[in-house]
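Novice: turn this into a model:
(one chain, ligands or ions: 1)
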Amino acid sequence: MPIWEPENECMSRSELEQLQLERLQATLNRVYRNVSFYRKRFKEMDFRPEDDLTEPADIRRLPFTTSKDVSDSYPYEMFAVPLREVVRVHSSSGTMANPRVVGYTRQDLKTWSTIVARILSAGGVTQDDVIQVTFGYGLLTGGLGIHYGAERIGASVLPTSVGRTERQIKIMQDFRTTVLCSTPSYALVIADRIEEMKIDPKQLSLKYVICAGEPWTDSMRREIEERLFVKVTDNYGISEIMGPGVAGECLEQNGMHLQEDHFLVEVVDPATGRNLEPGEEGELVLTTLTKEAFPVIRYRTGDICRILTDPCPCGRTLYRIGRIRGRCDEVVVIKGINIIPERIGDILEQIGGERPVYQLVATRHGHMDQLEIWVEVTERFFYDKMREQRALLDIMGRKITNFIGITPRIKLVEKGSLQREEGRVKQFVDRRD
Ligand SMILES: [Zn+2]
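Specialist: Predicted structure coming up:
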């Protein structure tokens, strides 16, 4: 598969670090001059970008920028250019606080479409493809972000946007779609509907599904691949940083290459803010290196992942992030230990070969907190025989104890009995009050 910008995606690490340093210097100077939020902060800590930045790691001295900071600057306070230079504005949905508003200059849009072209190429897309984009076209960045990247490649873009699944499938058949861009759960909704409509998925022209937009699992990937006869890659974006394009998987399917010439990447302990080593799981923190209208310094994404530095057979030298494992705000603290409910699902999946429906329940007896894990029984996941069932529960208990350091009580419950909200089981219930 061709690499969209080999000169950038395959540069030596030392060249890349030099480029990052120069771009970081320029970015810090720009925000110091043009964004009062950052100028105030830098002044308070007596940080002068020209003198105090000698290597990219020096940025660790600077405070984080949070989603609240961006909300508080609603709508344009954190823009680094006058509005006349902004040619596009996007915004988060923001149900509670002010939405997070971001702007793009003409050059920003060029950068954006280029990095999306990189990740689409990495996922197999070429100018010969017909690409159906089922992300929302609107203030959110998903639809238009993918759209312009696909046009940059020269693929034929079908901007179908969200919803109306039967119409999506008809278009997929009639227009001979070869690439589907969707959330992983929507790809499965499409697979279900194709089955219901008695369409043979082998008769479709689909080759690739480019997934993004929500945390998902390897078993979901396998299911999409098996049911739609496609190869599925993962990609990551966040609107405060750019939208789609921040990182994307190549066809090796071993983690998402980060566009490190445009973003400086850190992973930190979500509780203490301490920088973690490659391979350690923590919160992703991003700094933009080339953005003009809305540069962001050390933005706490709230997304949990780890950095992978081992070489990728595809030839790209850009480091990768592993799958997003959940959100920091989903971290549950029991007996002083941070637990990500998604990780418990991973362990159960390893043991049973399929991801069960489960729920973590925290209870309190006297002053003692207790973790219960309620697992719904399925035919594939549990055998009928009591003895084998007990053995499986023992293995689960031991593996989870080894992993999180506290011993849970595992309870089997009937299929369909865990409470659902909008079709999804709540992963954590706190009954400690
Ligand atoms: Zn690769």
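
Novice: for this protein, which spans come out with low pLDDT?
Specialist: Applying pLDDT under 70 to the chain picks out residues 93-97, 380-386, 422.

Novice: residue 211 pairs with what?
Specialist: For residue 211, the beta-bridge partners are residue 182, residue 234 (DSSP bridges).

Novice: how many neighbours does it have?
Specialist: Here the number of neighbours of residue 211 (other Cβ atoms under 10 Å) works out to 24. Glycine gets a C-beta too; all of them are placed from N, C-alpha and C.

Novice: so who does it touch?
Specialist: Taking Cβ atoms under 8 Å, 6 or more residues apart in numbering, we find residue 211 in contact with 181-184, 187, 221, 224, 232-235.

Novice: could you single out the nearest of the residues you listed to the ion?
Specialist: Nearest to the ion among the contacts of residue 211: residue 233, at 10.0 Å, using Cβ to the ion.

Novice: list the residues that contact that closest one.
Specialist: Listed by Cβ under 8 Å, 6+ apart, the contact set of residue 233 reads 122-124, 208-211, 248-251, 253.

Novice: the residues you listed, buried ones only, as a PyMOL selection?
Specialist: Filtering those down to the buried ones (16 or more other Cβ atoms under 10 Å) takes a single PyMOL command:
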select buried, resi 122+123+124+208+209+210+211+248+249+250
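
Novice: which of the contacts of residue 233 fall within strands?
Specialist: Among those, DSSP state E puts 208-211, 248-249 in strands.

Novice: what's the burial count for residue 46?
Specialist: As a burial measure, residue 46 scores 8 neighbours (other Cβ under 10 Å).

Novice: my guess is it is in a helix, correct?
Specialist: No. Going by DSSP: H, G, I helix; E, B strand; the rest coil, the assignment for residue 46 is coil, not a helix.

Novice: distance of it from residue 264?
Specialist: Remark: distance between residue 46 and residue 264 (Cβ to Cβ, to the nearest Å) = 22 Å.

Novice: ok, residue 341 next?
Specialist: From residue 341 to residue 264 the distance is 30 Å (Cβ to Cβ).

Novice: so the two - more neighbours on which side?
Specialist: When neighbours are counted by other Cβ under 10 Å, residue 264 comes out ahead of the other of residue 341 and residue 264, with 22 against 17.

Novice: surely that one meets residue 284?
Specialist: No. If you go by Cβ atoms under 8 Å, residue 264 and residue 284 don't touch, sitting 11.5 Å apart.

Novice: which bits of this protein sit near the ion?
Specialist: 250, 252, 312, 314, 316 (Cβ under 5 Å from the ion).

Novice: quick one: buried ones out of the residues you listed?
Specialist: The neighbour-count test (16+ other Cβ under 10 Å) applied to those identifies 250, 312, 314, 316 as buried.

Novice: of the ones in strands among the contacts of residue 233, which is the nearest to the ion?
Specialist: Of the ones in strands among the contacts of residue 233, the one sitting nearest to the ion (Cβ to the ion) turns out to be residue 249, at 7.4 Å.

Novice: ok now do residue 135, which residues does it touch?
Specialist: 142-143, 145-146, 161-162, 181-183, 212-213, 244.

Novice: name the SS class of residue 24, please.
Specialist: Quick answer, by three-state DSSP: residue 24 is helix.

Novice: give me the neighbour count for it.
Specialist: Neighbour count of residue 24, defined by other Cβ under 10 Å: 21.

Novice: do the same with residue 205
Specialist: Using other Cβ under 10 Å, the number of residues around residue 205 comes to 13.

Novice: cool, the one 10 residues further on as well?
Specialist: Per other Cβ under 10 Å, the neighbour tally for residue 215 reads 16.

Novice: check residue 411 too.
Specialist: Counted by other Cβ under 10 Å, the residues lying close to residue 411 total 13.
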